[in-house]
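K.L.:
next one to model:
(chains A and B)
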Amino acid sequence: MKKLSFSSKSIKEILMRNKPLIVLLILCVIMSLMNDRFWTWGNIITVLRQTSINAVIAAGMTFAILIGGIDLSVGSVFAICGAIAATLIASGMDVVLVILITLLLGLGIGLVNGLLISKGRLQPFIATLGTMTLLRGFTLVYTQGKPISARGGADSLIFSKIGTGYILNIPIPIYIMILVFIIAYYILRHLRMGRYIYSLGSNEEATMYSAIKIDNVKLFVYGASGLLAALAGIILTSRLGSAQPTAGAGYELDAIAAVVLGGTSMSGGIGTISGTVIGALIIGLLNNALNLLQVPSYYQDVAKGVVILIAVLLDRKQKASR
Amino acid sequence: MPEKIISMKNIRKEFSGVHVLKGVDFNVYDGRIMALLGENGAGKSTLMKILTGVYSKTSGEILMDGKEVNFASTKESQKNGIAIIHQELNLVRHLSIGENIFLGREPVAKIRNIKWKQLYEEARKWLDKLGLNEDPRELVGNISVGKQQLVEIAKALSLNARVIIMDEPTGALTVSETEKLFSVIRELKEQGHSIVYISHRLKEIFEICDDVTVLRDGELIGESSIGELDEDKIIEMMVGRKLDEQYPRVLCDPGDVVLDVKDLNNRFVRNVSFQLRHGEILGVAGLMGAGRTELARTLYGIYKKDRGDILLENRKVRLASPTDALAQGIAYVSEDRKANGIVLGLSVRENITLASLKAYSGVIGNISKAKEEQSAQHYVDSMSIKTSGTKQLLKYLSGGNQQKVSLAKNLDSNPKVLILDEPTRGVDVGAKKEIYELINRFKKEGMSIIMISSEIPEILGMSDRIMVMHEGEITGILNREEATQEKIMGLAVGKDVN
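P.N.:
Next up, the predicted model:
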């Protein structure tokens, strides 16, 4: 009896420390009660696959928010990188080369953000707002406002596997998402760079006084964010077989929502990548739930907004009462 | 003696158990200039904050024109004719001179719209009174600091201030601006205003003040008219602290020169030259604004030097960043722990290894937690850092233990020169002693130490040599045997030695 109460206490403790997990579990319970299609293999896979794109972007966003910054440009990077990948693959270029070039482009844009913020001393919000607008415009110019097909190239078929293929009955984007999170986890937990990211977000001045090149940390963070946005762009372009000029609009907000729902502090220094996983899953699940329940699409955003606010308020209250 | 406008009697102030003022009397006389003197931390600003209603007193009595008063806010004290001009002026740079003078009290018409013409005309009137020709429509940010000072005075006058408190008013002024200010102050005095003048510069005190009040460690040391005093007497009143604390001094024979600073100049320090030897503690004394912290931060690569050389073990070194400095073997323990010494959101372990993390990580930068833990535990044990464990976040540690972690972090980079900036600030008595013992241990191990401190007894008790700074310059370097509190204070206030 005593033992039982002890273990239930520790479960309670784990849950109290992981409010986002509670929200996720509650959503699952509600859904399983309301719709018996929810707990089917097919639906779970759908949720995970739909989550993967936002999750990959949110992983990069976690870095940016952890150092007390933000990256608003991810949606635009996503779009331009997707469009360029589509052009290149349709032109018959080797698929490995296409992926490499696209990822390097995303990395390069991220590094420009990093330079504007570190050397140019711009506010992250302003710097990435600028690149976001600039790249969105550039994407429209580049695509002439029309979708670009990724079909017709020598490697088009292989390229399409990235978004549509399965391994062991599980879609490839889910593997990519898991891999990204494992790497991000390793960086934050076990690499020097991860330690510097937390330190920078917690106290920039003291980090600089500790002989750490904070400009390099910022370059790494925004570079990684750009790279991951490009990766997400490749996944969607591959899945759809074409790149849409307006793709990724508003994705930065979904990514920020995932990070914040995961318990990461907007002022930096506090947060985990596992929190972001849960945050992204909450958003993915919510989208799925609203669809399954056949909520009209206009009301979906209203419902999403309400859930986000409640979840963050719960978290906030808990932190304040500590 | 002229009449007392303000008479503060037996004022006590306690901040969470710490007695900052221990029964101080303070008077301001009608039409006279009262100097308020004391070391850093003597209680001057606290006393003035109580008078102007920023703080409430723990006990005591304040009389104004013989009637008891108790101001709950600066607004109230202003209404009663007391204005304070802070060292960092309280002006809005992006507003005009006139707007600043009447900020919050703008003349308005029926629908609360500002009557600009009247505002600027009245501003003009006050500026004329002070002999300031500036257009009241000019932005405050575009005029010199000296003129900004006068705008503050104009604001005080427009508030009908009878008593004007000036805190270090000449700190940022040029010689001619200072003279202009003094002639204004004399004029104000003639018009019957009373002034409280807070300054570290004794010459100025003798030039314009009528009376002097000296505080020390929250106690009144004395009030007297300026005629009965000379510089030496004032210095004696300011220091004269009993040297009753025990400093565990360790005698070492200083070795070779480790650090040689030659003619260092930048916007904070002028012509700074000194040497530091192996196994030596060089104490750096001075009052606030003497440029000690700025000197330390220049040596640590935070501020650029304009001119001069820094030689480390006879080799010229380039120190463009803390990264350079630490790589060359210069470490700096900050005076402002929370701002830049430690990271409160990281654990004890993570803080200790922060500056030397490369030594704990492999080729791809993967940290060996075991190695890290071992090292952190070593520091926790050897420095007796009180914590529930190395994984404890630093924000849950006491000030003294945070300071030890800050020390440990700097030691872990194996420096040759360790700069300690106010190493015992905000640390309780027990932890202080432990920190002194640690400093001596580093010294015995052959480290060269520069210790900046505002506590003269601490400087006297710990240092082998004492360097005194005043307004960015070295005014003297004393051997331990010849140093006294009076000599140090004399050099710190820039008293003419010959």
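K.L.:
show me what residue of the stretch 101-250 of chain B gets nearest to chain A.
P.N.:
Going by Cβ to the nearest Cβ, chain A is nearest to B:Gly141 of the stretch 101-250 of chain B, at 20.2 Å. All C-beta spots, glycine's among them, are computed from the backbone N, C-alpha and C.
K.L.:
spatially central residue in chain A, please.
P.N.:
A:Ala58 (1.9 Å; Cα atoms, centre = their mean).
K.L.:
any low-confidence regions in the chain?
P.N.:
Going with chain A. Where chain A drops to pLDDT under 70, the residues are A:1-9, A:12-17, A:315-322.
K.L.:
hmm, I had chain B in mind actually
P.N.:
Using pLDDT under 70, the flagged stretches of chain B are B:1, B:240-246, B:429, B:496-498.
K.L.:
ok, the residue positioned nearest the centre of it - contacts?
P.N.:
Nearest to the geometric centre of chain B sits B:Met288, at 3.5 Å (Cα atoms, centre = their mean). Contacts here follow Cβ atoms under 8 Å, 6 or more residues apart in numbering or on different chains; on that basis B:Met288 touches B:40, B:200, B:454.
K.L.:
which ones are touching the residue of the stretch 101-250 of chain B closest to chain A?
P.N.:
Contacts of B:Gly141 (Cβ under 8 Å, 6+ apart): B:93-94.
K.L.:
B:Ala492 is in contact with B:Gly286, correct?
P.N.:
Yes - the pair B:Gly286 and B:Ala492 qualifies as a contact (Cβ atoms under 8 Å) at a distance of 5.1 Å.
K.L.:
neighbour count: the two, which is higher?
P.N.:
Legend: neighbour count by other Cβ atoms under 10 Å in any protein chain shown for B:Gly286 and B:Ala492, higher for B:Gly286 (30 against 24).
K.L.:
number of residues surrounding the residue of the stretch 201-322 of chain A found nearest chain B?
P.N.:
Proximity of the stretch 201-322 of chain A to chain B (Cβ to the nearest Cβ) peaks at A:Ser202, 3.4 Å away. Residues lying near A:Ser202 (other Cβ under 10 Å) number 26.
K.L.:
that one contacts B:Val343, doesn't it?
P.N.:
Yes - with contact defined as Cβ under 8 Å, A:Ser202 reaches B:Val343; the gap is 4.8 Å.
K.L.:
list the residues that contact whatever residue of the stretch 201-350 of chain B ends up closest to chain A.
P.N.:
Residue nearest to chain A within the stretch 201-350 of chain B: B:Gly345 (3.4 Å; Cβ to the nearest Cβ). Applying Cβ under 8 Å, 6+ apart to B:Gly345 gives the contacts A:198, A:201-203, A:269-270, B:393-395.
K.L.:
how does it look with 10 Å?
P.N.:
Residues near B:Gly345 by Cβ atoms under 10 Å, 6 or more residues apart in numbering or on different chains: A:198-199, A:201-203, A:265, A:268-270, B:351, B:393-395.
K.L.:
inside helices: which ones of those residues?
P.N.:
In helices, judged by DSSP state H, the following of the contacts of B:Gly345 are found: A:198-199, A:201-202, B:351.
K.L.:
same list, those, but as a markdown table with distance to B:Asn414 please.
P.N.:
Putting the ones in helices among the contacts of B:Gly345 into a markdown table (distance: Cβ to Cβ, whole Å) gives the following:
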| residue | distance to B:Asn414 |
| --- | --- |
| A:Tyr198 | 24 |
| A:Ser199 | 20 |
| A:Gly201 | 28 |
| A:Ser202 | 25 |
| B:Asn351 | 17 |
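K.L.:
in those residues, find the pair that's most separated.
P.N.:
A:Gly201 and B:Asn351 (14.6 Å; Cβ to Cβ).
K.L.:
circling back: what's the overlap in contacts for A:Ser202 and B:Val343?
P.N.:
Common neighbours of A:Ser202 and B:Val343 (Cβ under 10 Å, 6+ apart) are A:269, B:350, B:393-395.
K.L.:
using PDB, write out every CA atom in stretch A:121-132.
P.N.:
Extracted in PDB, the C-alpha atoms of stretch A:121-132 (Å, rounded to 0.1, in the frame of the first residue of the first chain):
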ATOM      1  CA  ARG A 121      23.600  44.000 -33.800                       C
ATOM      2  CA  LEU A 122      20.000  43.900 -35.000                       C
ATOM      3  CA  GLN A 123      17.200  42.600 -32.900                       C
ATOM      4  CA  PRO A 124      16.500  39.000 -33.900                       C
ATOM      5  CA  PHE A 125      12.800  39.900 -34.400                       C
ATOM      6  CA  ILE A 126      13.600  42.700 -36.800                       C
ATOM      7  CA  ALA A 127      16.500  40.900 -38.600                       C
ATOM      8  CA  THR A 128      14.400  37.800 -39.400                       C
ATOM      9  CA  LEU A 129      11.300  39.900 -40.100                       C
ATOM     10  CA  GLY A 130      13.400  41.500 -42.800                       C
ATOM     11  CA  THR A 131      14.700  38.300 -44.300                       C
ATOM     12  CA  MET A 132      11.200  36.800 -44.000                       C
END
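K.L.:
does any bit of that stretch sit next to chain B?
P.N.:
No - Stretch A:121-132 is not in contact with chain B by Cβ under 10 Å from any Cβ of the partner chain; minimum separation 15.9 Å.
K.L.:
all helices for the stretch 101-250 of chain B, in order.
P.N.:
B:116-129, B:145-158, B:175-190, B:202-208, B:231-238 (DSSP state H, counting those that start in this stretch).
K.L.:
I would like the residues contacting the first one, please.
P.N.:
The contact list for helix B:116-129 (Cβ under 10 Å, 6+ apart) reads B:96-102, B:105-109, B:115, B:132-137, B:147, B:150-151, B:153-158, B:184, B:187-188, B:191.
K.L.:
what residues of it count as buried?
P.N.:
B:119-120, B:122-124, B:126-127, B:129 (16 or more other Cβ atoms under 10 Å in any protein chain shown).
K.L.:
what's near enough to touch A:Phe125?
P.N.:
Counting by Cβ under 10 Å, 6+ apart, A:Phe125 has contacts A:69-72, A:117.
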